[in-house]
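Novice: turn this into a model:
(chains A and B)
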Amino acid sequence: MTLAYKLLFFIMILSFSWPAQADNMRMAVTTSFHNSGLSDILLPEIQKGIGVEVQLIVVGTGQALKLGRAGDVDAILVHSKSAEEVFVSDGYGTHRREIMYNDFVIVGPTNDPARVAAATNVVEALKAIEETRSVFVSRGDDSGTHRKELSLWKLSGFEANKFSPAWYRAGGSGMGSTLNTASGMNAYVMSDRASWLKFKNKGELRLLFSGDPVLFNQYAYLPVSPKLHPHVKNDLAIKLENWLTGPHAQSLIAGYKISGETLFMPNAKPR
Amino acid sequence: MSDLWFGVLNAFRLILSFDADLYEIILRSLHVTVTAVIVASAIGLPLGAWLAVNRFRFRRLTIAFLNAMMGLPPVVVGLIVYILFSRSGPLGVFGLLFTPTAMIIAQVIIIMPLIASIAHQAIRDLWADYHDLLISLNTTKRQRMITLIWDARRSLLTASLAGFGRGIGEVGAIMIVGGNIDHVTRVLTSAIALETGKGDFALALGLGFVLIALAIAVNIIIHRLSKTERAGQW
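Specialist: Sure thing, here's the model as predicted:
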C-alpha cells in the first residue's frame, strides 16, 4: 500500500500549506475598480496603514448589491446611486459615503461610421449610432455601467430594449469581456475610462467621445448593516471607510495615472 | 496567431521565473481539486461497486440518473452551493462561502457522478467474471465489493483521473463559490478568466498552458507511483 501512503502524504502537505488569516474583511467591488489597477495600489497601503487585509470579490454592481443584501460581504464599493439609495433605505447598508468619481467614454471603430467623434454631447453621439444602425455592444448584465448606459439611451429618447439585435448586442458579461466582444465585432461600446485605458486587446478600437458631464460616474462605499447581519465585521468596515476618505488614500487615488491620464478624482467629504 | 505564440513563450517564462504568486495559484488549484477527487472517490468508488453487486427496484433509474449527472453544468452546481452557503442560506452559519472549502464541496458534487459512473461500468464488467466464484465462496456483499474494487483498481484509477480532469479545468462553479479572491480563492482557471477579461490574452494563454502542463504532470506522476504501463504489468 505504499502508493496510498505516498498519496496521503502528498495531500497532507497540500492541506497544511494554508496559513491562517489575520484581520480580514470582504468587500464586493465593481470590475472597473479592480480592472483599472487602482486596487493593486490601495490594498497594500490599507494593510500597511490599518493592518486590515481586504479580500475583494470582483463582480458587477447588481451582484455586489446582492452579496451585500445576503450578508456575504462586509462592505461594498459600487457606482449606481439610485440602487445604492434603495440599498440603504431598505436597511441593508448603514449609510452611503462618496469616495471618488471617474467618467464613462464611448469607444468605437477607428473609421467611425456614425461620426461619434464629431458629436458635441452624448445624446448626439448615441442618436448618431442609432441612426446609422452601427453595431453597439451593451454590457447587458445589470451592472452599474449597464444601468448608466440604459439611462443615457433614455435621455436620448430611446428604449434600449426595443432595439433590433441586428445592431444592438447585449453581451451579458463584465466590462473586459464586453470590450473583447466589441473589439472582435469592431463595434461601438460604452466603457469606464479606467477599464478602457488598461485594456490590452484594443484592436481597431479607439476612444471617440468623452467629457460630457452626464458621463461622470460616482463611486460610493456602503458598509453592510450589522443589525441585519450580526456576523459582519462592521468595525473593520468603518476603519476602512475612515482610511478611504482620509487624506492619504485620497491623494493616492488622485495620483494614480495610466499613460499620463488621471483615472479617478477623489471627492470624499470629511465628516 | 501571434497571441498563441506569445502564450507559449509566456508559459515558459512564468514557470522559469519561479513567481511566488504563480506557484501559490498552482498549489491552490491542486489543493482544491486533489482534495475533491479524494472525497469524490471515497464516495463514488464504493457507490459504483454497490450498484454493481446489488439488485433493487429502481436500480436502472438510479444508474441512468447517475449517468445524467455526469453532464451537470458547473455553473448550476456553483449557484446551488452558493445559495446553500450564503449567509442568508440554510448553511450560512458555517461561514464557508468564498473559502477553498466551499470550492472543494462544489467540485465534489461535480465530479462524484463521473467517478461513480465510470467505476460502476468497470466493476460491472468484472462482476460478470467474478460472480460465480464469489458466490460459491459464500462471501458477504461487503467482501465482494472490496474484492471487486481492489481487482478493478487500474480502471478505477482512470475513473479518478477523469474526475481530476473535470475538476482541474472547471471554472463556472469555483468562480461563484470562491469569488476569485487574490491570495485566498484564486486558482488557475479563475485567473485565466480574469486575465481574459482584462484583454491580456498572452498572460491568459500562458496560464492556460501551465494548467495543461500541470494536468499532464499529475497524470504521469500517478501512473509512475501506481506502476502502470510497464513491461509485465498492465
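Novice: any idea how far stretch B:4-12 is from the chain center?
Specialist: The chain centre lies 27 Å from the centre of stretch B:4-12; the measure is C-alpha atoms, centre = their mean, to the nearest Å.
Novice: give me the element the residue of the stretch 51-200 of chain A found nearest chain B is part of.
Specialist: For the stretch 51-200 of chain A and chain B, the shortest gap (C-beta to the nearest C-beta) falls at A:Gly176, measuring 3.0 Å. C-beta coordinates here come from the backbone N, C-alpha and C atoms, glycine included. Assessed by DSSP states H and E, A:Gly176 sits inside helix A:175-185.
Novice: stretch B:83-91 near chain A at all?
Specialist: Yes. For stretch B:83-91 and chain A, the contact criterion (C-beta under 8 Å from any C-beta of the partner chain) is met by B:86-89.
Novice: what of stretch B:131-150?
Specialist: No. Residues of stretch B:131-150 contacting chain A under C-beta under 8 Å from any C-beta: none, with a closest distance of 10.8 Å.
Novice: list the buried ones in the helix or strand containing B:Met103?
Specialist: Element membership for B:Met103 (DSSP H and E) is helix B:100-136. Buried residues in helix B:100-136, counted by 16 or more other C-beta atoms under 10 Å in any protein chain shown: B:100-124, B:126-127, B:130, B:134.
Novice: helices and strands around it, which ones?
Specialist: helix B:20-53, helix B:59-68, helix B:74-85, helix B:141-151, helix B:153-168, helix B:172-178 (3 or more C-beta pairs under 8 Å, 6 or more residues apart in numbering or on different chains; DSSP states H and E).
Novice: I'd like these laid out as TSV, including mean neighbour count.
Specialist: Below are those laid out as TSV (neighbours: other C-beta atoms under 10 Å in any protein chain shown):
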stretch	mean neighbour count
helix B:20-53	20
helix B:59-68	13
helix B:74-85	20
helix B:141-151	16
helix B:153-168	20
helix B:172-178	26
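Novice: would you mind giving the ones you listed as a markdown table with mean pLDDT added?
Specialist: Putting the helices and strands packed on helix B:100-136 into a markdown table (pLDDT from 0 to 100) gives the following:
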| stretch | mean pLDDT |
| --- | --- |
| helix B:20-53 | 95 |
| helix B:59-68 | 95 |
| helix B:74-85 | 94 |
| helix B:141-151 | 93 |
| helix B:153-168 | 94 |
| helix B:172-178 | 93 |
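Novice: of those helices, which is nearest A:Pro213?
Specialist: Across the helices and strands packed on helix B:100-136, A:Pro213 has its closest neighbour in helix B:172-178 (36.3 Å, C-beta to C-beta).
Novice: residues making contact with the helix or strand following that closest one?
Specialist: Per DSSP H and E, the first helix or strand lying C-terminal to helix B:172-178 is helix B:188-197. Residues outside helix B:188-197 that contact it (C-beta atoms under 8 Å, 6 or more residues apart in numbering or on different chains): A:31, A:35, A:58, A:174-177, A:180, B:25-26, B:29, B:168-171, B:174-175, B:178, B:180, B:186, B:201, B:203-204, B:207-208, B:210-211, B:214.
Novice: redo that, cut-off 6 Å
Specialist: The set of residues external to helix B:188-197 that reach it, using C-beta atoms under 6 Å, 6 or more residues apart in numbering or on different chains, is A:174, A:176-177, B:25, B:29, B:171, B:175, B:180, B:203-204, B:207-208, B:211.
Novice: next SSE downstream of that helix?
Specialist: Using DSSP H and E, the helix or strand that directly follows helix B:188-197 along the chain is helix B:201-225.
Novice: what ranges does the stretch 51-200 of chain A have for its strands?
Specialist: All strands of the stretch 51-200 of chain A, identified by DSSP state E, counting those that start in this stretch, fall at A:53-59, A:75-78, A:97-109, A:136-138, A:168-170, A:188-192.
Novice: tally of neighbours for the residue in chain B that chain A sits nearest to?
Specialist: Residue of chain B nearest chain A, by C-beta to the nearest C-beta: B:Gly197 (3.0 Å). Look at B:Gly197: counted by other C-beta atoms under 10 Å in any protein chain shown, it has 23 neighbours.
Novice: how about it: what's its closest non-neighbour residue?
Specialist: Leaving out its chain neighbours, the residue that sits closest to B:Gly197 by C-beta to C-beta, 6 or more residues apart in numbering or on different chains is A:Gly176, at 3.0 Å.
Novice: which among the contacts of helix B:188-197 count as buried?
Specialist: A:174, A:176-177, B:25, B:29, B:171, B:175, B:180, B:203-204, B:207-208, B:211.
Novice: of the residues you listed, closest to B:Ala36?
Specialist: B:Ser29 (10.9 Å).
Novice: how much space between the residue lying closest to A:Pro226 once chain neighbours are set aside and A:Arg271?
Specialist: Among residues not flanking A:Pro226 along the chain, A:Asn234 sits closest, at 4.0 Å (C-beta to C-beta, 6+ apart). Separation of A:Asn234 from A:Arg271 (C-beta to C-beta, to the nearest Å): 17 Å.
Novice: and the two? Which one has more around it.
Specialist: Using other C-beta under 10 Å, the more surrounded residue of A:Asn234 and A:Arg271 is A:Asn234, with 19 against 7.
Novice: next one, pLDDT for the more buried one please.
Specialist: We note a pLDDT of 94 for A:Asn234 in this prediction.
Novice: and the residue nearest to B:Leu84 when sequence neighbours are not counted, backbone torsions?
Specialist: Using C-beta to C-beta, 6+ apart and skipping the chain neighbours, the partner closest in space to B:Leu84 is B:Leu91 (5.0 Å). With angles defined as degrees, to the nearest 10, B:Leu91 sits at phi -110, psi 20.
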